[in-house]
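Peer 1: The following block contains a protein sequence and its predicted model.
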Amino acid sequence: MTPPSPEPAPSASPPSLTEVESHGVDRIPDAERTATPLDLFRLAFGGANTFSTCVLGAFPILFGLSFWQGLAATLLGVFVGALILCPMAVFGPVNGTNNAVSSSAHLGVHGRVVGSFLSLLTAIAFFSISVWSSGDALVGGAHRLFGLPRGDLTYSVAYALFAGLVLAVCVYGFRFMLFVNKVAVASATVLFLLGAIAFAGDFDASYAGVFTDSADAATDALFWPSFIGAALIVLSNPVSFGAFLGDWSRYIPATTPRRRVVGAAFLSQIATLLPFVFGLATASIIASKAPEYVDPAAPDFVGGLLAISPSWFFLPVCLLALIGGMSTGTTSLYGTGLDFSSVFPRLSRVRATVLVGLLSIVFIFVGRFGLDLVQSISTFATMIITCTTPWMVVMMLGFFTRRGWYDPEALQVFNRRQSGGRYWFAHGWNWRGMTAWWVSALLGVLFTNIPGQFVGPLGDLANGIDIGLPLSLAVAAVLYLALLRLFPEPRAVYGPEGPRLARTVEVAVPPITGPGTDTGEPAAVPSGSAVDRTPGPA
């Protein structure tokens, strides 16, 4: 149940594609919420129906799995990731703002910066993957088609131009991004299906990988670490959208049935099996026909794909790289620029987007020319999901215990440079949610084990299997619910129906003070709060 909101104003004509979006993370007015669950599906699926997802889909083969073993790891990663992700779609329609701002209700108005930080890391990682993979494909395709020389200068120009193009779309904002994704979903799907035709004759589902009956004991011992590691790389893709879903779903009307919003988010990730399986299948072909491109010491999926492609498919590869990379890059970068404009008040949404984009471009060049690219991707992606997933658990359990009830005005306290309100807790920090997040994230990192790349201090305790993510999930859930029981939150943060699985304490709501308020006057408090003393379950 949500607080009553004013009657929506008559719907205005939607802004044009070339009109720069004016909204930051402020609550989207009801009259401007014209998006649908289908639009959410297009954005989330379009952001992953890309060449960069194919690169992630190739990792099971790079880790030595057979095609069928890799398919099992891919199905596990996509399905579990979609289940973890989909509840995060409900915060946008309920609160009319992004998920980092909504997290103020559970981590405090200052604690919401955790979500902003996680979205920054995610944006940098996946924006970089999209630029790397698309830039490599464009240069490689142009080399095969037109004889364009391949060198550091050529790749640098391709990365810079492509990153600049993505940045321009993000600056224009939501409507332009939605248009790009509408085009990308259909066109990329057609190109992937065309690719299935191109490689059908070379594909052999019996590709065995390195874990065969003739493998030695040392190799066999790496099977489960490799299988779990591959599944986690795949799972990182859907989980990476957790901090961003609210950026798009906030344009969906609050009256939209929540099951439709959650269903759209879930199905958008199940649909990504198309690019994942394309990457897995083509990687198995590369491993059979051009194994030098999947050498663990220096893998090159894009180069291998071009090496095994029929000449008529070079142009579709370039188009797929361009269209898909635009889609992934914009969905990754848009939300972080949006959120950081509220964290740093001197930055408008446009300036914050440009700043984050420039930081990402620096990472792109350092990662491509100064570091091990594959190790950078897999390690960074694993660290992201290990730290982001417990934050998502706190958010989802918080939504459940609050019965989906929030005070949208109190969520905006930080953005308006105010203080007080329902979600002020202890000087703007809710140590219950913060503790559950950082303890579980730290444990997850300590137990992480990525074979040959990153092993946490406790990563060998499970015989080399990476248990970091399931451990962080379990600890976050148990610890957060325990803290809510042992150290009750104020009654005012719950709606008229009271909490689920939690106790409350009667504490007066501190007044919201600061810019735009009459200092000393208390904030409006809907029925059921601690201030009006309406009884409710405790």
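Peer 2: Cool, got the structure.
Peer 1: From now on I want contacts and neighbour counts done on CA atoms only, so please keep to that.
Peer 2: OK.
Peer 1: tell me, which helix in the protein spans the most residues?
Peer 2: Secondary structure of the chain read by DSSP state H shows that its longest helix is helix 113-146.
Peer 1: so what secondary structure elements neighbour the next helix or strand after that helix?
Peer 2: Next helix or strand after helix 113-146 toward the C-terminus (DSSP states H and E): helix 152-172. With contacts defined as 3 or more CA pairs under 8 Å, 6 or more residues apart in numbering; DSSP states H and E, helix 152-172 has these neighbours: helix 113-146, helix 174-199, helix 314-343, helix 349-369.
Peer 1: what's near enough to touch Phe63?
Peer 2: By CA atoms under 8 Å, 6 or more residues apart in numbering, the contact set of Phe63 is Ser226, Phe227, Ala230, Pro296.
Peer 1: mind checking how far it is from Asn98?
Peer 2: Taking CA to CA, to the nearest Å as the measure, Phe63 falls 36 Å from Asn98.
Peer 1: Please apply the same query to Glu32.
Peer 2: Taking CA to CA, one finds Glu32 at 15 Å from Asn98.
Peer 1: Does Thr36 touch Ala254 like I think?
Peer 2: No: shown here, Thr36 and Ala254 do not form a contact pair, counting by CA atoms under 8 Å, at 10.8 Å.
Peer 1: quick revisit: so for the longest helix of the chain, what gets flagged as buried?
Peer 2: 113-142, 144 (16 or more other CA atoms under 10 Å).
Peer 1: just checking, what packs against it?
Peer 2: On a contact count with 3+ CA pairs under 8 Å, 6+ apart, helix 113-146 meets helix 51-57, helix 99-102, helix 152-172, helix 301-308, helix 314-343, helix 349-369, helix 373-401.
Peer 1: ok, now with 7 Å
Peer 2: Applying 3 or more CA pairs under 7 Å, 6 or more residues apart in numbering; DSSP states H and E, one finds that helix 113-146 makes contact with helix 51-57, helix 152-172, helix 301-308, helix 314-343, helix 349-369, helix 373-401.
Peer 1: mind putting those helices in a markdown table, distance to Gly516 and mean neighbour count included?
Peer 2: Compiled in a markdown table, the helices and strands packed on helix 113-146 are given as follows (distance: least, CA to CA, whole Å; neighbours: other CA atoms under 10 Å):
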| stretch | distance to Gly516 | mean neighbour count |
| --- | --- | --- |
| helix 51-57 | 45 | 28 |
| helix 152-172 | 28 | 19 |
| helix 301-308 | 53 | 21 |
| helix 314-343 | 16 | 26 |
| helix 349-369 | 21 | 19 |
| helix 373-401 | 28 | 22 |
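Peer 1: got those as a markdown table, with distance to Ala221 and mean pLDDT columns?
Peer 2: Putting the helices and strands packed on helix 113-146 into a markdown table (distance: least, CA to CA, whole Å; pLDDT from 0 to 100) gives the following:
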| stretch | distance to Ala221 | mean pLDDT |
| --- | --- | --- |
| helix 51-57 | 23 | 85 |
| helix 152-172 | 39 | 80 |
| helix 301-308 | 26 | 85 |
| helix 314-343 | 36 | 72 |
| helix 349-369 | 31 | 77 |
| helix 373-401 | 21 | 83 |
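Peer 1: List the buried residues of the helix or strand that contains Ser284.
Peer 2: Element membership for Ser284 (DSSP H and E) is helix 273-289. Across helix 273-289, burial judged by 16+ other CA under 10 Å covers 273-288.
Peer 1: now do stretch 25-32
Peer 2: For stretch 25-32, a neighbour-count test (16+ other CA under 10 Å) marks Val25, Asp26, Arg27, Ile28, Asp30, Glu32 as buried.
Peer 1: Also stretch 436-452?
Peer 2: For stretch 436-452, by 16+ other CA under 10 Å, it's 436-438, 440-441, 443-450.
Peer 1: do stretch 403-423 as well
Peer 2: For stretch 403-423, the neighbour count (16+ other CA under 10 Å) marks 403-415, 418-423 as buried.
Peer 1: what residues does it touch?
Peer 2: 1-3, 26, 95, 101-102, 104-105, 108-110, 342, 492-495, 499, 509-515, 523 (CA atoms under 7 Å, 6 or more residues apart in numbering).
Peer 1: and if you look at stretch 183-192?
Peer 2: So stretch 183-192 is contacted by Arg42, Gly46, Asn49, Thr50, Pro316, Leu320, Ile323, Gly324, Ser327 (CA under 7 Å, 6+ apart).
Peer 1: what two of these have the greatest distance between them?
Peer 2: The largest separation in the contacts of stretch 183-192, counting by CA to CA, is between Arg42 and Pro316 at 21.3 Å.
Peer 1: worst-scoring helix or strand of this protein, pLDDT-wise?
Peer 2: helix 314-343 (a mean of 72; mean pLDDT, DSSP states H and E).
Peer 1: The nearest residue to Ile228 once chain neighbours are set aside: neighbouring residues, count only.
Peer 2: Spatial nearest neighbour of Ile228, excluding adjacent residues (CA to CA, 6 or more residues apart in numbering): Asp466 at 6.6 Å. Asp466: 29 surrounding residues under other CA atoms under 10 Å.
Peer 1: Name the helix or strand for Asp466, please.
Peer 2: For Asp466, there is no host helix or strand (DSSP H and E).
Peer 1: Against Gly357, how distant is it?
Peer 2: Distance from Asp466 to Gly357, by CA to CA: 32 Å.
Peer 1: Quick check: buried residues in stretch 257-276?
Peer 2: Neighbour count says stretch 257-276 has 258, 261-276 buried, by 16+ other CA under 10 Å.
Peer 1: just stretch 207-215 next, same as before
Peer 2: In stretch 207-215, counting by 16+ other CA under 10 Å, buried: Tyr207, Ala208, Gly209, Val210, Phe211.
Peer 1: export those residues to CSV and tack on distance to Ile197, pLDDT and secondary structure?
Peer 2: Formatted as CSV, those follow (distance: CA to CA, whole Å; pLDDT from 0 to 100; DSSP: H, G, I helix; E, B strand; the rest coil):
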residue, distance to Ile197, pLDDT, secondary structure
Tyr207, 19, 93, coil
Ala208, 23, 92, coil
Gly209, 24, 91, coil
Val210, 27, 90, coil
Phe211, 29, 92, coil
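Peer 1: out of these, which one sits closest to Leu222?
Peer 2: Nearest to Leu222 among these, with distances taken as CA to CA, is Phe211, at 8.6 Å.
Peer 1: Surely that closest one is in contact with Ala221?
Peer 2: No: between Phe211 and Ala221 there is no contact under CA atoms under 7 Å: 9.4 Å.
Peer 1: Now Trp429, what are its backbone angles?
Peer 2: phi -120, psi 130 (degrees, to the nearest 10).
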